[in-house]
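# coordinates only, sequence not included:
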Ligand code: ADP
Ligand code: TRP
């Protein structure tokens, strides 16, 4: 079973990315042949500074390797080292109905936020379909916001198969219900575009400050707390350590225990969890040649599969 996922290098990775996508993806990679990549073509829809894009891409590589991606098992590469995906994206675009993209929620959201859409943003799901189909990814670990993009991929692949004969495996999203949408410090979905993130590898002081700033209701310290399902620090703690979260929940429900104490527990637990990965990241940072080599070798392995797919695709559509 082939597993595939990607993440855009469009800013510092945060706890939503980690619990929603990275940790499940790293676990799933134990069960099959995984292809994980840095979606730098996709990031071009929003990043227009070359140095920034390069820095972000390297950051994502360091983050993934630090968090435990094993480059011997998992094929790890930069999307732009696989230019075949852009060729496939064009061919897929020619069987993709316009209204399907016009109705894509993430596109509509961005426009609603006031973004002036470029054509790349509009066709973003087609490029994503190409990423998945070019390696015949069957399982795609992602957070809930990507569900529709995977459905679009299935639709495109299904149409292609009907028109040109069985060519593509129809992929399935793998979404963990418990961490599908992690809230940010303001209670909305944690997202780079909302400025409500807690970075995975932020400075300790900044991380603590962010955590202390998470919004909570105004029940006083002495009150036995109710409505804890909505409590954001608890939701984050549940993703990290369900047993510790339950223990905190009991203390809060009993009264005499406030949200400040809960946030301190959360900050300590998060910093302790990421400490070994932070150390590994610092080590990798001193060894960037190794990181570049991992990405080069990953691209070579991915290219073999991509070339196979493209030979078949060119054949069935009549380009050969
Ligand atoms: P952002 O919204 O910060 O720009 P991305 O769109 O780059 O994040 O998401 C990268 C991956 O992380 C995707 O698989 C996405 O579903 C997942 N993800 C992002 N934010 C969250 C979140 N708050 N909760 C769960 N998963 C998330
Ligand atoms: N759109 C995804 C995101 O914003 C990134 C991505 C690009 C992706 N191509 C993909 C995810 C293919 C899964 C499969 O997070």
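Arrived safely. No experiment lies behind these values; they were computed from the predicted model shown. Ligands and ions are numbered 1, 2, ... in the order given.
# who in the stretch 51-200 of the chain is up against ligand 1?
Residues of the stretch 51-200 of the chain lying close to ligand 1 by C-beta under 6 Å from any ligand atom are 142-143, 145-146, 179-182, 189-193. For every residue, glycine as well, the C-beta is placed using N, CA and C.
# is it possible to mark the buried ones in the residues you listed?
The neighbour count (16 or more other C-beta atoms under 10 Å) marks 142-143, 145-146, 179-182, 189-192 as buried among these.
# tell me the helix or strand right after the lowest-mean-pLDDT helix or strand in the chain.
Lowest mean confidence among the helices and strands of the chain (mean pLDDT, DSSP states H and E): helix 105-112, at a mean of 92. Moving toward the C-terminus from helix 105-112, the next helix or strand (DSSP states H and E) is helix 119-134.
# quick one, strands of the stretch 1-150 of the chain?
Applying DSSP state E, counting those that start in this stretch to the stretch 1-150 of the chain gives strands spanning 2-7, 33-38, 75-78, 139-141.
# what does the stretch 151-300 of the chain give?
Under DSSP E, counting those that start in this stretch, the stretch 151-300 of the chain gives strands at 172-174.
# point out where it drops to low pLDDT.
Of all residues in the stretch 151-300 of the chain, none has pLDDT under 70.
# buried sites along stretch 222-239?
225, 228, 231-239.
# cool, stretch 276-296 as well?
Neighbour-count burial for stretch 276-296 [16+ other C-beta under 10 Å]: 277-278, 281, 284, 291, 294-295.
# just the ones of these in helices?
Cross-referencing the buried residues of stretch 276-296 against helices under DSSP state H gives 277-278, 281, 284, 291, 294-295.
# now these as a markdown table including distance to ligand 1?
Output for those, formatted as a markdown table (distance: C-beta to the nearest ligand atom, whole Å):
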| residue | distance to ligand 1 |
| --- | --- |
| 277 | 17 |
| 278 | 20 |
| 281 | 18 |
| 284 | 21 |
| 291 | 20 |
| 294 | 20 |
| 295 | 19 |
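# can you list the domains in this protein?
Per automatic domain parsing, the domain ranges recorded for the chain read 2-181+288-317, 201-281.
# can you tell me which of those is most buried?
Comparing those by mean neighbour count (mean count of other C-beta atoms under 10 Å), domain 2-181+288-317 comes out on top with a mean of 18.
# can you name the residue of the chain nearest to ligand 1?
residue 20 (1.9 Å; C-beta to the nearest ligand atom).
# what pLDDT does the model give that residue?
Note for residue 20: predicted pLDDT of 96.
# quick check: it touching residue 181?
Yes - at 7.3 Å, residue 20 counts as touching residue 181 under the criterion of C-beta atoms under 8 Å.
# mutual contacts of the two, please.
143-144 (C-beta atoms under 8 Å, 6 or more residues apart in numbering).
# which of the buried residues of stretch 276-296 lies closest to residue 1?
residue 294 (23.0 Å; C-beta to C-beta).
# which residues does the most far-flung residue of the chain relative to its centre contact?
The outermost residue of the chain relative to its centre, with distances by C-alpha atoms, centre = their mean, is residue 222 at 39.3 Å. With contact set as C-beta under 8 Å, 6+ apart, residue 222 has these partners: 255-256.
# so how far is ligand 2 from it?
When distance is defined by C-beta to the nearest ligand atom, to the nearest Å, residue 222 is 43 Å away from ligand 2.
# for the helix or strand hosting residue 302, name the packing helices and strands.
For residue 302, the element it lies in under DSSP H and E is helix 288-317. The contact analysis (3 or more C-beta pairs under 8 Å, 6 or more residues apart in numbering; DSSP states H and E) places helix 288-317 against strand 33-38, helix 50-66, strand 75-78, helix 84-93, helix 119-134.
# and with 6 Å instead?
When contacts are defined as 3 or more C-beta pairs under 6 Å, 6 or more residues apart in numbering; DSSP states H and E, helix 288-317 packs onto strand 75-78.
# check the offset of the strand it packs on from the chain's centre.
14 Å (C-alpha atoms, centre = their mean, to the nearest Å).
# is ligand 2 contacted by that strand?
No - judged by C-beta under 6 Å from any ligand atom, strand 75-78 and ligand 2 are separated, with a smallest distance of 12.1 Å.
# pairing partners for that strand, with directions?
Applying DSSP bridges, strand 75-78 is found paired with strand 33-38 (parallel).
# ok, residue 12 - contacts?
Contacts of residue 12 were listed using C-beta atoms under 6 Å, 6 or more residues apart in numbering, and they are residue 199.
# next one, pLDDT for it please.
Confidence for residue 12, expressed as pLDDT, is 95.
# excluding chain neighbours, what is closest to residue 4?
residue 137 (3.0 Å; C-beta to C-beta, 6 or more residues apart in numbering).
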